[in-house]
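[1] I would like to see how this sequence folds:
(one chain, ligands or ions: 2)
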Amino acid sequence: MPKTAYVRTKPHLNIGTMGHVDHGKTTLTAAITKVLSERGTGTFVPFDRIDRAPEEAARGITINIAHVEYETDTRHYAHIDMPGHADYIKNMVTGAAQLDGAILVVSALDGIMPQTAEHVLLARQVGVDHIVVALNKADAGDDELTDLVELEVRELLSSHGYGGESVPVVRVSGLRALEGDPRWTDSVQALLDAVDTYVPIPVRYTDAPFLLPVENVLTITGRGTVVTGAVERGTVRVGDRIEVLGAESGPQFSTVTSLETFGKPMEFAEAGDNVALLLRGMPRDAIRRGHVVAAPDSTVPSRRFTARVYVLSAKEGGRTTPVTTGYRPQFYIRTADVVGDIDLGELAVARPGDTVSLTVELGRDVPLESGLGFAIREGGRTVGAGTVTELI
Ligand SMILES: Nc1nc2c(ncn2[C@@H]2O[C@H](COP(=O)(O)OP(=O)(O)OP(=O)(O)O)[C@@H](O)[C@H]2O)c(=O)[nH]1
Ligand SMILES: [Mg+2]
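    Ligands and ions are numbered 1, 2, ... in the order given. Have a look, this model is predicted:
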């Protein structure tokens, strides 16, 4: 049966749920799809369909299962449910890099926990400009405690430049909404209204050369290699020539032979769209997460750059000891994870809590540009965040 093509009738935005483990992100995501399916603008995606590991769910040319799509009256959303566990920060970083807005899920029973704070910090660093707060589990909390949690969350957001006083904070219960309790389905609707009005439609760089950071690679027997991700800028059409960048062996050229979003074929995809591209003759092992698919000759990978970097304080979960020249952490840039050497120049030392300018030399070439944000990680935790200032 031929698949129905994707029809672009409303502005498309990428949003996602983030927050500490077990605060209810996946339950809320399922509840959102349930509430909207009852209004006729989405398909209900049950909890256990969202919470599966991507490898179990890799099927067809569909996108990573942690993405769901739905529509409100005014917008089409792709929603990524980000796991709260510290080990999954990589997904958080790479997922968040493509978010136009985020729903910060905070349990009204527990308040701010370590990953609540870490996700807010990372969201800031990777350029998420708008956050809406879901104070979840409001069905089980008492009002006074929830008031305190709300204050605490607003303060946290202000301390990261999110203007905590004006951020919408909506008390919800994902669990009760999923059960169909009208009081709480209304709360989820109120949350969506807040997202619709508070997160602006972003400016899309559709005229720039095409670029897509590779999130996932799949093989479809008999058809070839498929890459998925969100288009960072530009436009791509079926039949376009592209270049895959980031591999040690140098660039690989191919042609896009098929294009889909959430299982629906599309003629072209533009900046902001979450897509799957089928690439003609591309060997499965020639491309992986962290590579970039781009218009041919539009970008040249490099490895040396200067950057402005904030070294996290110990209180924020960062290092307790200073960083010196020769320090060699991991850099999370778009969907890539690359080791790099830091040179602090005359400064020589950067203490936790400092913001410094430094030079980085990555272990391999990566498509870079000034203004690009990245996270610095060491031994499984975030120790810094920065922005590329100049390529060398
Ligand atoms: N009382 C109550 N419990 C909830 C609510 N939402 C989620 N829970 C419970 O909290 C637990 C965690 O919910 P999840 O949705 O898996 O949380 P999560 O944030 O996705 O967790 P991770 O993906 O592991 O980070 C489950 O036992 C849920 O049933 C709620 O609104 N009220
Ligand atoms: Mg979850």
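[2] Up against ligand 2, what does the stretch 1-150 of the chain have?
    25-26 (CB under 5 Å from the ion). C-beta: built from backbone N, CA, C; applies to glycine.
[3] What residues does the stretch 1-150 of the chain have near ligand 1?
    With CB under 6 Å from any ligand atom as the criterion, the stretch 1-150 of the chain meets ligand 1 at residues 21-27, 83-85, 136-137, 139-140.
[4] what do you get if the cut-off is 8 Å, keeping everything else the same?
    17, 19-31, 47, 51, 81-85, 88, 105, 107, 109, 115, 136-140 (CB under 8 Å from any ligand atom).
[5] of these, buried ones?
    Neighbour counting by 16 or more other CB atoms under 10 Å classes 17, 19-20, 22-31, 47, 51, 81-84, 105, 107, 109, 115, 136-139 among these as buried.
[6] Could you pick out which of the residues you listed are located in helices?
    25-31, 47, 115 (DSSP state H).
[7] Give me the pLDDT value at A58.
    pLDDT, A58: 40.
[8] for D207, same thing?
    Among the per-residue scores, D207 shows a pLDDT of 88.
[9] returning to what we had before: would you mind giving the ones in helices among the buried ones among the residues of the stretch 1-150 of the chain next to ligand 1 as CSV with pLDDT added?
    As requested, those are exported to CSV (pLDDT from 0 to 100):
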residue, pLDDT
K25, 92
T26, 90
T27, 94
L28, 97
T29, 95
A30, 94
A31, 97
F47, 85
Q115, 87
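[10] Which one of those residues is nearest to ligand 2?
    If you rank these by distance to ligand 2 using CB to the ion, T26 comes first, at 3.2 Å.
[11] I figured that closest one was touching P46, is that so?
    No: the criterion here is CB atoms under 8 Å, and T26 misses it with P46 at 10.1 Å.
[12] For T116, which non-adjacent residue is spatially closest?
    Excluding its sequence neighbours, the residue lying closest to T116 (CB to CB, 6 or more residues apart in numbering) is H20, at 4.7 Å.
[13] Could you measure from that neighbour over to ligand 2?
    In this structure, H20 lies at 11 Å from ligand 2, with CB to the ion, to the nearest Å as the measure.
[14] show me the contacts for that residue.
    By CB atoms under 8 Å, 6 or more residues apart in numbering, H20 lies in contact with 84, 105-107, 110, 112-116, 119.
[15] Can you tell me which of the residues you listed end up in strands?
    105-107 (DSSP state E).
[16] Out of the residues you listed, which is nearest to ligand 2?
    Taking the ones in strands among the contacts of H20 together and measuring to ligand 2 by CB to the ion, the closest member is V105, at 9.2 Å.
[17] following the lowest-mean-pLDDT helix or strand in the chain, which helix or strand comes up?
    One helix or strand of the chain scores below all others by mean pLDDT, DSSP states H and E: helix 54-57, with a mean of 42. Under the assignment DSSP states H and E, the closest C-terminal helix or strand after helix 54-57 is strand 67-71.
[18] Okay, strands next: where are they in the stretch 101-250 of the chain?
    For the stretch 101-250 of the chain, the strands defined by DSSP state E, counting those that start in this stretch occupy 101-107, 131-136, 169-171, 211-213, 216-220, 224-230, 235-237, 241-245.
[19] Could you list every helix and strand in contact with the third one?
    Using 3 or more CB pairs under 8 Å, 6 or more residues apart in numbering; DSSP states H and E as the contact criterion, the elements in contact with strand 169-171 are strand 131-136, helix 143-159, helix 182-198.
[20] Please identify which of those is closest to L312.
    helix 143-159 (12.9 Å; CB to CB).
[21] Which positions in that closest one come out as buried?
    146, 149-150, 153-154, 156-157.
[22] Also stretch 350-359?
    Neighbour-count burial for stretch 350-359 flags 350, 352, 354, 356, 358-359 (criterion: 16+ other CB under 10 Å).
[23] Which of those residues fall within strands?
    350, 356, 358-359.
[24] which residues touch D273?
    By CB under 8 Å, 6+ apart, the neighbours of D273 are 12, 230-231, 261, 266.
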